[in-house]
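>>> Below: sequence and its predicted model.
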Amino acid sequence: MRKCKLDERPRFASDSQEFLDRAVVEKPIPDRRFAVLFDNAEPSLVSDDAYAPYGNFGFPPPPPGRPWIYSNFVQSLDGITTLLGKHASGGEISQSPEDRWLMDLLRAHADGLLMGMNTLLVEQRIRGPESRGIVFQVADPKLRELRDRLGKGRERNIFVTHAVNLDLSRHKVFDGDVVDAAILTSPAGAERLRAQGPHPHVALLAAGEGETFDLPRAIGKLREELGVRYLLCEGGPTLYGSLARADLVDEKFMTVSPIEVGQLVPPEQERLAGEQTTPVLLRPTVFGGPGYTRENLTRWSWLSCRKAGDHQFSRYRRKGRPGTSGQR
Ligand SMILES: NC(=O)c1ccc[n+]([C@@H]2O[C@H](COP(=O)([O-])OP(=O)(O)OC[C@H]3O[C@@H](n4cnc5c(N)ncnc54)[C@H](OP(=O)(O)O)[C@@H]3O)[C@@H](O)[C@H]2O)c1
């Protein structure tokens with residue numbers, strides 16, 4: 001990809017129509033899996049062959065007091081993130097090796113990978129009653145090496161939960177043999193987890209009061225206590241919605257998969273035990289929970305766009321919204 005000096009770049013792609021007009025449309029080359037339609041992000045921190053399939057990939061410095069938070073989701077053309085039922089995994093929406101590879105690239109740059117507890121439970125349920133679930137990690141060997149060269153430490157999976165019924169011994173991710181883990185929870189949740197005995201590779205970060213959980217405070221503790229500077233949120237929609245409402249999403253990586261699935265679960269789809277009591281079962285979009293009014297909705301700059309086959313890979317950076325401090 002043509003390299004340009006940082007000071008030649010307009011700050012954000014959508015701030016500059018001229019930049020969009022001049023956008024370099026690149027043809028895929030043999031080692032590049034993504035065609036770059038435009039990219040106005042910061043340059044990569046290091047020059048490394050591992051970036052070849054994607055091209056440029058950099059971040060700004062993190063803000064004081066908390067990590068830089070970037071999310072990664074895949075959605076259908078109609079904005080759906082999961083089919084629910086037996087095929088609830090995000091991979092069923094993605095159906096793309098490039099999207100899986102990009103997930104690894106994003107993970108390689110993260111000091112921690114943040115998820116809601118349901119995303120772990122769904123992946124475990126899909127694997128059957130005997131499964132102890134999965135560990136979320138970088139799979140591509142070249143990207144694991146890149147991670148080492150970037151000086152990132154051991155990978156860390158971080159879960160948000162009230163920990164009402166969570167038994168740490170039932171989930172492989174808390175064994176500590178593959179990645180470190182952390183749990184963000186309320187003080188009462190942390191108390192329940194401590195009562196389960198020592199789990200040396202699981203950091204418990206409590207924030208709030210009693211059963212009440214304080215998400216922004218917990219995110220601040222990730223930086224203060226675990227040194228997390230770049231935090232990748234991989235969902236699901238419930239967690240993303242609460243992070244977004246707390247003004248805690250700086251960037252979104254969004255894959256649009258060329259499938260259309262519909263929001264209402266159709267009558268012919270088998271319902272799992274937990275889905276049977278809901279008469280109208282809706283598949284979620286990226287943003288779960290209460291959203292915004294017209295007056296306080298968020299606005300985003302379109303920072304880069306790539307394509308691979310019929311999949312679209314976009315990156316957006318938060319502009320801020322009325323009444324907030326705006327872009328951090
Ligand atoms: N398409 C994609 O890119 C993508 C990405 C991720 C996930 N998904 C799919 O999305 C589905 C899961 O999404 P989801 O919205 O149900 O689950 P989720 O956000 O992964 O997890 C929800 C749970 O996380 C905890 N939680 C989240 N935010 C919290 C907050 N602010 N305070 C306290 N606890 C909080 C709660 O756990 P407790 O109930 O334990 O308190 C809550 O029940 C799965 O089907 C998954 O495969 C798709």
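That came in fine, so what should we check first?

>>> Over to stretch 219-236 now: how far is its first residue from its last?
Distance across stretch 219-236, first residue to last, is 17 Å (CA to CA, to the nearest Å).

>>> and it, anywhere near the ligand?
Yes: residues of stretch 219-236 are located near the ligand by CB under 6 Å from any ligand atom, namely 234-236. Every residue, glycine included, has its C-beta placed from N, CA and C.

>>> could I get the residues you listed as CSV with distance to Leu272 and neighbour count?
Putting the residues of stretch 219-236 next to the ligand into CSV (distance: CB to CB, whole Å; neighbours: other CB atoms under 10 Å) gives the following:
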residue, distance to Leu272, neighbour count
Glu234, 22, 21
Gly235, 19, 24
Gly236, 16, 23
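
>>> and the least confident of those?
The member of the residues of stretch 219-236 next to the ligand with the lowest pLDDT is Gly235, at 93.

>>> Now for the residue nearest to it when sequence neighbours are not counted: which residues touch it?
Computed as CB to CB, 6 or more residues apart in numbering, the closest residue to Gly235 that is not its neighbour in sequence is Thr119, at 5.5 Å. Counting by CB atoms under 8 Å, 6 or more residues apart in numbering, Thr119 touches 234-236, 239.

>>> Can I take it that Val122 is in a strand?
No: using DSSP: H, G, I helix; E, B strand; the rest coil, the assignment for Val122 is helix, not a strand.

>>> Now do the spatially closest residue to Gln95 that is not a sequence neighbour: how many residues are near it, please.
What sits nearest to Gln95 in space, not counting adjacent residues and going by CB to CB, 6+ apart, is Ser257, at 6.2 Å. For Ser257, the count of nearby residues is 21 (other CB atoms under 10 Å).

>>> I figured Ser257 hits Glu98, correct?
No: with contact defined as CB atoms under 8 Å, Ser257 and Glu98 do not form a contacting pair (10.7 Å).

>>> Which helix or strand contains the residue nearest to Ala50 when sequence neighbours are not counted?
Counting by CB to CB, 6+ apart, Ala50 lies nearest to Leu146, which is 3.9 Å off, once chain neighbours are set aside. Following DSSP states H and E, one finds Leu146 within helix 141-149.

>>> Which neighbouring elements make contact with that helix?
helix 97-108 (3 or more CB pairs under 8 Å, 6 or more residues apart in numbering; DSSP states H and E).

>>> could you list every residue that touches the residue nearest to Ala50?
48, 50-51, 108.

>>> what about stretch 243-256, average pLDDT?
97.

>>> circling back: can I assume the residue nearest to Gly235 sits in a strand?
No: checked against three-state DSSP, Thr119 lies outside a strand; its state is helix.

>>> where does it sit relative to Ser47, distance-wise?
Thr119 sits 34 Å away from Ser47, going by CB to CB, to the nearest Å.

>>> who's in contact with the residue nearest to the spatial centre of the chain?
Taking CA atoms, centre = their mean, the centroid of the chain lies closest to Glu234, which sits 2.6 Å from it. Glu234 is in contact with 71-73, 103, 113-115, 119, 136, counting by CB under 8 Å, 6+ apart.

>>> ok, it to His109 distance?
Applying CB to CB to Glu234 and His109 gives a distance of 13 Å.

>>> In three-state terms, label Glu42 for me.
coil.

>>> Isn't it up against His109?
No: between Glu42 and His109 there is no contact under CB under 8 Å: 11.7 Å.

>>> which bits of the protein sit near the ligand?
So far as CB under 6 Å from any ligand atom goes, the chain lies against the ligand at 73-74, 81-82, 88-90, 93, 115-119, 122, 160-162, 213, 215, 234-239, 242, 284, 288.

>>> Now the buried members of those residues.
73-74, 81-82, 88-90, 93, 115-119, 122, 160-162, 213, 215, 234-239, 242, 284, 288 (16 or more other CB atoms under 10 Å).

>>> ok so, going back, any idea which of the contacts of Glu234 is the one closest to Pro279?
Thr119 (25.0 Å; CB to CB).

>>> So which residues of the stretch 101-250 of the chain form helices?
117-126, 141-149, 187-194, 215-226, 237-245 (DSSP state H, counting those that start in this stretch).

>>> could I get these as TSV with distance to Lys307?
Formatted as TSV, these follow (distance: least, CB to CB, whole Å):
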stretch	distance to Lys307
helix 117-126	27
helix 141-149	20
helix 187-194	42
helix 215-226	33
helix 237-245	24
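
>>> Point out the most buried one among the ones you listed.
Of the helices of the stretch 101-250 of the chain, the one with the most neighbours on average (mean count of other CB atoms under 10 Å) is helix 237-245, at a mean of 21.
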